[in-house]
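> Sequence and computational prediction follow.
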Amino acid sequence: MFPIITLKPGKDIPLLAGHPWVWSEAISSSPKGLGNGDIVEVQAANRKTIGLGSFNPNTSIRVRILTRDAGELIDAAYFTKRFRSLDIWKRERLPEDTDGYRVVHAEADGIPGLILDRFDETFVFQIHTAGMERFREHILKAVEEVFHPSTIVERSDVDARLIEGLKDQPVTIHKGAVEKPVTFEEAGLRFYADVLHGQKTGFFLDQRNARLKVGELANDKRVLNLFGYTGAFSIHATNGGASFVNTVDISRKALELAQENFRLNGFDPEDEEQCQFLEADVLELLQSKELPDGPYDLIICDPPAFAKNERHLSQALRAYTDLNVACLKQLSPGGILVTSSCSGRLDPEEFRAMLRIAAGRAGKTVRVLDWLTQPVDHAELLAFPEGRYLKTAVLEVIG
């Protein structure tokens, strides 16, 4: 028996549709003395059990549902069963020759507070919540049981932990050894993932769909990859037949890894007729009347999240607008802009409206060639719109 949380009438409906969160204002009664991360049973107002979840008294999200079966134990077997079923489902739907993907996408995959990414035989996980913090040993045991990896790394060095009342967790190697970035495959191309020091778990796996689209569009085009980081878009563009690719990032270290990614795929980063790696501030660069090595036929704009919370949304919208105005101004008719936002606080319609404003300010008539979102291994749960964060528009300037 677990402590029982009882909901107000009607507050069970989102949960019955699959939403994983119980908000504080949805609760009519709960026992006193519950600790951070305790497992509780959630019941509807009619006392019907909805499931078990982890409790947190420090946040407005009071409970995160872990299972709809009140008799299920949250142990190593729980994680083993879910890891195995998720991995089978996802591998069947990934592009061929791909061994870099997200095994567990937190709430969207029914395991709130846990991220688990695979890079060939290296597995990287993140624990974001107080509830999941209690299951670290079970998680490790399940990863070992299901995948028999060479290396397991924990990257729970995320700000979300502080909101949950948790301490910052240093990067930890739980199994194996990591002395340099590890390699993995995406649709037949090879990449380095810096699993110890890189952003997220070491690579932006969630932009796979957009990278594949760039590969389809790049043939015979001069390509500008802004916020290029380690050059993944540039590799796909080069492989897709681009005549020239310029990768721009403010980080010299990131560009050096981008050059290594070129070499890893048999491309020569020293061939200045084929590619360039420019250390620069993107916003300052775009103010130039003529871009270095321009003009360009295809511009990729994948900036960091400008709106990490609601307070920053209006400021972020201005930044996104200015950025996309500058990109569109650099394109002539027939030019293509692949532009993204990973800000979850900015919903798809707001992003689309921002792009309309940007096109108007740039004086460009634009058609939508495609609208991309998260790939299948980051799939959105219909009942959980909070998990919908990635938006990519593929736009063609027609006048």
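Yep, it's here.
> secondary structure class for the residue positioned nearest the centre of the chain?
Computing the C-alpha centroid of the chain and ranking residues by Cα atoms, centre = their mean puts residue 206 first, at 4.7 Å. Judged by DSSP: H, G, I helix; E, B strand; the rest coil, the three-state class of residue 206 is helix.
> Let's see the pLDDT reported for residue 186.
The predicted structure scores residue 186 at 98 on the pLDDT scale.
> Assess the claim that it and residue 98 are in contact.
Yes: with contact defined as Cβ atoms under 8 Å, residue 186 reaches residue 98; the gap is 5.4 Å. The way it works is simple: take the backbone N, C-alpha and C, and place the C-beta from them, glycine included.
> With adjacent residues omitted, what lies nearest to residue 241?
Leaving aside its chain neighbours, residue 241 sits nearest to residue 219 (3.8 Å; criterion: Cβ to Cβ, 6 or more residues apart in numbering).
> quick one: secondary structure of that neighbour?
Here residue 219 takes the coil state, with states given by three-state DSSP.
> before we move on, what about residue 200?
The assignment at residue 200 comes out as coil when based on three-state DSSP.
> and residue 269, what is it in contact with?
Contact analysis of residue 269 by Cβ atoms under 8 Å, 6 or more residues apart in numbering lists 258, 259, 262, 263, 275, 277.
> Which residue is the nearest non-sequential neighbour of the second one?
Excluding its sequence neighbours, the residue lying closest to residue 259 (Cβ to Cβ, 6+ apart) is residue 269, at 3.9 Å.
> doesn't residue 288 make contact with residue 278?
No: in this structure, residue 278 is not within contact of residue 288 by Cβ under 8 Å, at 11.5 Å.
> Residues contacting stretch 323-334, please?
Contact partners of stretch 323-334, identified using Cβ under 8 Å, 6+ apart, comprise 224, 226, 282-283, 286-287, 291, 294-297, 299, 301, 303, 337, 339, 354-355, 358-359, 361-364, 366, 395-399.
> quick one: which of those sit in helices?
Among the contacts of stretch 323-334, the members found in helices (DSSP state H) are 282, 283, 286, 354, 355, 358, 359, 361, 362.
> which of the contacts of stretch 323-334 are buried?
Buried members of these, counted by 16 or more other Cβ atoms under 10 Å: 224, 226, 282, 286, 291, 296-297, 299, 301, 303, 337, 339, 354-355, 358-359, 362, 364, 366, 395-397.
> quick revisit: grab the nearest non-local neighbour of the residue nearest to the centre of the chain.
Leaving aside its sequence neighbours, residue 206 sits nearest to residue 378 (Cβ to Cβ, 6+ apart; 4.9 Å).
> Quick check: pLDDT value at that neighbour.
Residue-level pLDDT assigned to residue 378 equals 98.
> Same question for residue 305.
Predicted confidence (pLDDT) for residue 305: 79.
> how many neighbours does the nearest residue to it once chain neighbours are set aside have?
Of all residues not flanking residue 305 in the chain, residue 343 sits nearest, at 4.5 Å (Cβ to Cβ, 6+ apart). Other residues within reach of residue 343, judged by other Cβ atoms under 10 Å, total 24.
> separation between residue 343 and residue 352?
Distance, residue 343 to residue 352, using Cβ to Cβ, to the nearest Å: 14 Å.
> Determine the residues that are contacts of both of these two.
Common neighbours of residue 343 and residue 352, using Cβ under 8 Å, 6+ apart, do not exist here.
> measure stretch 49-69 end to end?
Length of stretch 49-69, first residue to last, Cα to Cα, to the nearest Å: 9 Å.
> just stretch 109-125 next, same as before
End-to-end distance for stretch 109-125: 14 Å, by Cα to Cα.
> And for stretch 229-247?
Start and end residues of stretch 229-247 are separated by 8 Å (Cα to Cα).
> Check stretch 171-184 too.
With Cα to Cα as the measure, the first residue of stretch 171-184 is 20 Å from its last.
> chain center to the helix or strand hosting residue 324, what's the gap?
Secondary structure from DSSP states H and E places residue 324 in helix 313-329. Centre-to-centre, helix 313-329 and its host chain are 21 Å apart (Cα atoms, centre = their mean, to the nearest Å).
> Kindly export it (C-alpha atoms) in PDB.
What follows is helix 313-329, C-alpha atoms only, in PDB (Å, rounded to 0.1, in the frame of the first residue of the first chain):
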ATOM      1  CA  LEU A 313       9.100  34.400 -24.300                       C
ATOM      2  CA  SER A 314       8.500  38.000 -25.500                       C
ATOM      3  CA  GLN A 315      12.300  38.600 -25.600                       C
ATOM      4  CA  ALA A 316      12.800  35.300 -27.400                       C
ATOM      5  CA  LEU A 317      10.200  36.100 -30.100                       C
ATOM      6  CA  ARG A 318      12.000  39.400 -30.900                       C
ATOM      7  CA  ALA A 319      15.300  37.500 -31.200                       C
ATOM      8  CA  TYR A 320      13.800  34.800 -33.400                       C
ATOM      9  CA  THR A 321      12.100  37.400 -35.600                       C
ATOM     10  CA  ASP A 322      15.300  39.500 -36.000                       C
ATOM     11  CA  LEU A 323      17.300  36.300 -36.800                       C
ATOM     12  CA  ASN A 324      14.900  35.100 -39.400                       C
ATOM     13  CA  VAL A 325      14.500  38.500 -41.000                       C
ATOM     14  CA  ALA A 326      18.300  38.600 -41.500                       C
ATOM     15  CA  CYS A 327      18.400  35.100 -42.900                       C
ATOM     16  CA  LEU A 328      15.600  35.800 -45.400                       C
ATOM     17  CA  LYS A 329      17.200  39.000 -46.600                       C
END
